[in-house]
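Please work out how this folds:
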Amino acid sequence: MLDAGCGPGHWSGHLHDLGVAVEGVDATPRFVEHARRTWPGVDFRLGDLRRLDLADGSLGGVLSWFSVIHTDPEEVPGILAAFARALRPGGRLLVGFFSGDRLQPFDHRVVTAWAWPIDGLSAAVEAAGFTVESTRDRVAPNGRRNASLVAQRP
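Numbering: from 1, shown residues only. Now for the predicted structure:
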(Lines give C-alpha, C1' and ligand atoms only; values in the text may rest on other atoms or scores of the structure.)
Protein backbone atom coordinates (compact mmCIF):
# COMPACT_ATOMS: atom_id res chain seq x y z
CA MET A 1 0.00 0.00 0.00
CA LEU A 2 1.10 3.56 -0.66
CA ASP A 3 0.48 6.44 1.73
CA ALA A 4 0.67 9.17 -0.91
CA GLY A 5 1.59 12.50 0.63
CA CYS A 6 2.26 10.82 3.97
CA GLY A 7 3.29 14.00 5.78
CA PRO A 8 4.84 13.12 9.15
CA GLY A 9 3.89 9.45 8.66
CA HIS A 10 1.22 8.89 11.29
CA TRP A 11 -1.17 7.04 8.93
CA SER A 12 1.67 4.95 7.50
CA GLY A 13 2.73 4.05 11.03
CA HIS A 14 -0.83 3.13 11.98
CA LEU A 15 -1.24 0.94 8.91
CA HIS A 16 2.12 -0.71 9.58
CA ASP A 17 1.06 -1.44 13.18
CA LEU A 18 -2.05 -3.14 11.76
CA GLY A 19 0.18 -5.42 9.67
CA VAL A 20 -0.21 -3.64 6.32
CA ALA A 21 2.87 -3.49 4.08
CA VAL A 22 2.98 0.26 3.49
CA GLU A 23 5.36 2.82 2.03
CA GLY A 24 5.04 6.55 2.67
CA VAL A 25 5.92 9.14 0.02
CA ASP A 26 6.02 12.88 0.57
CA ALA A 27 7.58 15.89 -1.15
CA THR A 28 8.64 17.60 2.09
CA PRO A 29 12.05 16.49 3.41
CA ARG A 30 11.24 17.57 6.98
CA PHE A 31 8.16 15.32 7.04
CA VAL A 32 10.03 12.34 5.61
CA GLU A 33 12.86 12.76 8.14
CA HIS A 34 10.34 12.94 11.00
CA ALA A 35 8.46 9.88 9.73
CA ARG A 36 11.67 7.84 9.43
CA ARG A 37 12.65 8.69 13.01
CA THR A 38 9.20 8.00 14.41
CA TRP A 39 8.44 4.75 12.53
CA PRO A 40 11.80 3.10 11.73
CA GLY A 41 10.08 -0.09 10.52
CA VAL A 42 8.26 1.72 7.70
CA ASP A 43 9.78 2.75 4.36
CA PHE A 44 9.49 6.48 3.73
CA ARG A 45 10.92 8.37 0.77
CA LEU A 46 10.86 11.74 -0.91
CA GLY A 47 8.78 11.75 -4.04
CA ASP A 48 6.51 13.61 -6.40
CA LEU A 49 2.99 12.18 -6.61
CA ARG A 50 2.82 13.11 -10.28
CA ARG A 51 5.76 10.84 -11.03
CA LEU A 52 5.53 7.85 -8.75
CA ASP A 53 8.51 5.56 -8.99
CA LEU A 54 6.43 2.38 -8.80
CA ALA A 55 5.88 -0.51 -11.17
CA ASP A 56 2.56 -0.65 -12.98
CA GLY A 57 -0.01 -2.65 -11.02
CA SER A 58 2.31 -3.06 -8.02
CA LEU A 59 -0.07 -1.75 -5.33
CA GLY A 60 -3.20 -3.07 -3.68
CA GLY A 61 -4.17 0.30 -2.25
CA VAL A 62 -3.43 4.01 -2.18
CA LEU A 63 -4.24 6.31 0.72
CA SER A 64 -4.31 9.96 -0.31
CA TRP A 65 -5.51 11.54 2.92
CA PHE A 66 -5.62 15.31 2.46
CA SER A 67 -2.49 15.00 0.32
CA VAL A 68 -3.62 16.69 -2.90
CA ILE A 69 -5.39 19.60 -1.21
CA HIS A 70 -2.48 21.95 -1.96
CA THR A 71 -2.17 20.81 -5.57
CA ASP A 72 -3.35 23.04 -8.39
CA PRO A 73 -6.57 21.40 -9.67
CA GLU A 74 -5.11 21.19 -13.19
CA GLU A 75 -2.44 18.80 -11.85
CA VAL A 76 -4.77 16.53 -9.88
CA PRO A 77 -5.85 14.40 -12.91
CA GLY A 78 -2.19 13.49 -13.54
CA ILE A 79 -1.75 12.41 -9.93
CA LEU A 80 -4.93 10.33 -10.06
CA ALA A 81 -3.69 8.71 -13.28
CA ALA A 82 -0.39 7.86 -11.56
CA PHE A 83 -2.34 6.22 -8.73
CA ALA A 84 -4.41 4.23 -11.24
CA ARG A 85 -1.29 3.09 -13.10
CA ALA A 86 0.36 1.86 -9.88
CA LEU A 87 -2.74 0.02 -8.64
CA ARG A 88 -3.46 -3.52 -9.75
CA PRO A 89 -6.98 -4.38 -10.90
CA GLY A 90 -9.25 -4.49 -7.87
CA GLY A 91 -6.98 -2.10 -5.95
CA ARG A 92 -8.62 0.66 -3.98
CA LEU A 93 -8.06 4.37 -3.53
CA LEU A 94 -9.12 6.37 -0.47
CA VAL A 95 -8.99 10.15 -0.84
CA GLY A 96 -9.60 12.65 1.94
CA PHE A 97 -10.17 16.28 0.95
CA PHE A 98 -11.85 19.56 1.76
CA SER A 99 -15.25 19.80 0.14
CA GLY A 100 -17.39 22.68 -0.97
CA ASP A 101 -20.16 23.69 -3.32
CA ARG A 102 -17.62 24.73 -5.96
CA LEU A 103 -13.93 24.29 -6.70
CA GLN A 104 -12.25 27.13 -4.87
CA PRO A 105 -8.97 28.02 -3.19
CA PHE A 106 -8.73 29.14 0.42
CA ASP A 107 -5.99 30.16 2.85
CA HIS A 108 -4.72 27.15 4.77
CA ARG A 109 -1.80 27.39 7.15
CA VAL A 110 1.28 28.06 5.03
CA VAL A 111 0.04 27.56 1.48
CA THR A 112 -3.26 27.76 -0.41
CA ALA A 113 -5.55 24.72 -0.31
CA TRP A 114 -8.46 23.78 -2.55
CA ALA A 115 -11.98 22.69 -1.68
CA TRP A 116 -13.61 20.41 -4.25
CA PRO A 117 -17.26 19.63 -4.87
CA ILE A 118 -17.65 15.90 -4.24
CA ASP A 119 -19.14 15.40 -7.71
CA GLY A 120 -16.20 17.24 -9.29
CA LEU A 121 -13.50 15.17 -7.61
CA SER A 122 -15.53 12.00 -8.21
CA ALA A 123 -15.62 12.82 -11.93
CA ALA A 124 -11.84 13.36 -11.97
CA VAL A 125 -11.29 10.04 -10.19
CA GLU A 126 -13.54 8.24 -12.68
CA ALA A 127 -11.80 9.93 -15.62
CA ALA A 128 -8.52 8.50 -14.27
CA GLY A 129 -9.92 4.99 -14.64
CA PHE A 130 -11.55 4.29 -11.28
CA THR A 131 -15.06 3.34 -10.25
CA VAL A 132 -16.21 5.48 -7.32
CA GLU A 133 -17.76 3.21 -4.71
CA SER A 134 -18.72 5.69 -2.00
CA THR A 135 -18.36 9.25 -0.82
CA ARG A 136 -18.86 10.88 2.55
CA ASP A 137 -19.19 14.54 3.49
CA ARG A 138 -19.16 15.99 6.99
CA VAL A 139 -18.65 19.26 8.80
CA ALA A 140 -15.56 19.23 11.01
CA PRO A 141 -15.57 20.85 14.47
CA ASN A 142 -13.85 23.92 12.96
CA GLY A 143 -16.81 24.36 10.57
CA ARG A 144 -14.93 23.36 7.40
CA ARG A 145 -16.46 20.63 5.25
CA ASN A 146 -14.35 17.50 4.85
CA ALA A 147 -15.05 14.62 2.52
CA SER A 148 -13.74 11.20 1.64
CA LEU A 149 -14.04 9.11 -1.46
CA VAL A 150 -13.42 5.38 -1.98
CA ALA A 151 -12.77 4.13 -5.48
CA GLN A 152 -11.65 0.89 -7.09
CA ARG A 153 -9.56 0.23 -10.18
CA PRO A 154 -11.61 -2.22 -12.27
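
ok, now which ones touch the residue most central in space within the chain?
For the chain, the residue nearest the mean C-alpha position is S64 (1.3 Å; C-alpha atoms, centre = their mean). Going by C-beta atoms under 8 Å, 6 or more residues apart in numbering, S64 touches 4-5, 49, 79, 83, 93-96. Where C-beta positions appear, they are placed from N, C-alpha and C, glycine not excepted.

For the closest residue to A4 other than its chain neighbours, give me phi and psi.
Distance criterion C-beta to C-beta, 6 or more residues apart in numbering; nearest residue to A4, sequence neighbours excluded, is S64 at 4.6 Å. Here is the backbone geometry of S64 (degrees, to the nearest 10): phi -120, psi 70.

Which strand residues bridge S64?
S64 forms beta bridges with V95, as assigned by DSSP bridges.

Now do it against D53, distance only.
Note on S64: its distance to D53, by C-beta to C-beta, to the nearest Å, is 17 Å.

Could you do G24 as well?
Look at G24 and D53: by C-beta to C-beta, they are 13 Å apart.
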